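Asker: Build the 3D model from these lines:
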Amino acid sequence: MNSELNGFRHKSLRVGDVKIHAVVGGDGPPLVLLHGWPQTWWEWRRIMPVLAEHHTVVALDLRGAGHSDCPQSGYDKASLAEDAHGAMAVLGFSRYAVCGHDIGAMVALALAFTHRESVTRVAVLDAPMPGWSQWEANFADPMVWHFAFHMKRDLPERLIYGREFDYVSTFFADRTFNHGALPVEEVEIYARSMAQPGNTRGGLEWYRAFPVDHANALDWKRSPLTIPVLALGGDHRWGPKIVAMLEEFAGDVSGGSIRDCGHWMAEERPAETADALLKFFAQ
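Answerer: Take a look at the predicted model:
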């Protein structure tokens with residue numbers, strides 16, 4: 001399956017010591033999209049053309065995923081946020097909006113806190129946040145069993161090696177409400193990406209940084225964000241909790257749930273997700 005998208009250009013951006021892969025298209029105020037695990041920029045493919053009618057869309061591969069570099073360190077969310085900010089600077093954008101999903105949502109919130117002068121609005125899609133008052137209690141949720149597994153050093157790489165499709169496909173299935181949204185050939189794109197040298201370890205390092213992320217976020221939330229925040233989740237995953245969660249970090253939070261949706265919002269309910277984002281970023 002071809003992972004090209006008509007009207008968008010692939011760019012390799014040098015940000016500090018790492019190469020960050022970006023897919024850029026559209027016209028208008030800049031909007032950076034940050035994917036989750038076990039995904040890449042490709043998770044946004046169904047909504048990027050719609051968003052690009054109103055925005056210059058920049059979909060990044062995070063450090064440790066896709067076609068971006070997988071160095072030995074720098075996987076805490078503040079460092080990933082620096083990568084995103086640096087990528088936008090290389091593209092010539094000093095002010096921009098941010099949307100992140102899953103791990104990318106954690107990076108989006110970190111970016112809003114660490115670059116208040118640059119981030120105009122932030123959308124957080126279906127993820128628990130480090131720094132949340134229920135963050136540690138959340139580890140008891142059976143649906144986040146993988147947090148502890150991924151944080152274990154070295155063993156997950158060995159167990160996942162050669163079984164990337166089995167692992168990824170089960171992971172998607174367990175967190176999907178609209179099971180027609182992710183056909184096998186699209187799941188294979190993510191599995192092949194994970195199987196590239198360094199990518200399995202890179203994605204796992206995002207989880208191994210959680211203790212640092214939680215400590216940083218507890219400090220950041222002492223000075224809540226004043227920019228508008230959209231907190232949105234699937235009604236079968238984080239939607240019912242996500243607004244109250246983000247109200248711990250910001251004073252101007254809106255959002256809620258998308259109906260008949262699991263975790264993979266941009267793929268399960270692309271029209272509804274794009275519509276909510278366009279309305280939020282147009283205000």
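Asker: how about the helices of the stretch 151-283 of the chain, start to end?
Answerer: 155-160, 164-174, 184-194, 199-208, 210-220, 239-246, 265-268, 270-282 (DSSP state H, counting those that start in this stretch).
Asker: pLDDT of the third one, averaged?
Answerer: In this case it means helix 184-194. Mean pLDDT, helix 184-194: 96.
Asker: Give the buried residues for it.
Answerer: By neighbour count with 16 or more other C-beta atoms under 10 Å, helix 184-194 contains the buried residues 186-187, 189-191, 193-194. Quick note: C-beta positions are derived from backbone N, CA and C, even for glycine.
Asker: And the first one, by the same measure?
Answerer: By neighbour count on 16+ other C-beta under 10 Å, the buried set for helix 155-160 is 156, 160.
Asker: now for that helix, which elements pack on it?
Answerer: Contact partners of helix 155-160 among helices and strands, from 3 or more C-beta pairs under 8 Å, 6 or more residues apart in numbering; DSSP states H and E: helix 199-208.
Asker: Could you check the angle the helix it packs on makes with helix 210-220?
Answerer: Counting by axes from the mean of the first three to the mean of the last three C-alpha atoms, to 10 degrees, helix 199-208 lies at 40 degrees to helix 210-220.
Asker: Helix 199-208 vs helix 164-174, what angle?
Answerer: 40 degrees.
Asker: For the residue nearest the centre of the chain, which residues are in contact?
Answerer: Nearest to the geometric centre of the chain sits Gly104, at 2.1 Å (C-alpha atoms, centre = their mean). The contact partners of Gly104, by C-beta atoms under 8 Å, 6 or more residues apart in numbering, come to 33-36, 62, 125.
Asker: Okay, and which of those map to strands?
Answerer: Among these, DSSP state E puts 33-34, 125 in strands.
Asker: Which stretches in the stretch 1-150 of the chain count as helices?
Answerer: 48-51, 77-90, 103-114, 145-151.
Asker: Nearest to Gly255, out of these?
Answerer: Minimum separation from Gly255 across the helices of the stretch 1-150 of the chain (C-beta to C-beta) falls at helix 103-114, 11.8 Å.
Asker: Tell me, how many residues neighbour Val144?
Answerer: Look at Val144: counted by other C-beta atoms under 10 Å, it has 13 neighbours.
Asker: pretty sure Leu33 contacts Tyr96?
Answerer: No. At 10.8 Å, Leu33 does not count as touching Tyr96 under the criterion of C-beta atoms under 8 Å.
Asker: quick one: contacts for Phe249?
Answerer: 109, 113, 129, 131, 217, 220-221, 224-225, 229.
Asker: pLDDT score assigned to it?
Answerer: 98.
Asker: what do you get for Gln283?
Answerer: pLDDT, Gln283: 80.
Asker: check contacts around it.
Answerer: Gln283 touches 121, 228, counting by C-beta under 8 Å, 6+ apart.
Asker: again with Leu278
Answerer: Taking C-beta under 8 Å, 6+ apart, we find Leu278 in contact with 50-51, 54.
Asker: quick check, nearest of those residues to Glu248?
Answerer: Nearest to Glu248 among the contacts of Leu278, with distances taken as C-beta to C-beta, is Leu51, at 27.8 Å.
Asker: burial count for the nearest residue to the closest one once chain neighbours are set aside?
Answerer: Excluding its sequence neighbours, the residue lying closest to Leu51 (C-beta to C-beta, 6 or more residues apart in numbering) is Val57, at 5.1 Å. Val57: 28 surrounding residues under other C-beta under 10 Å.
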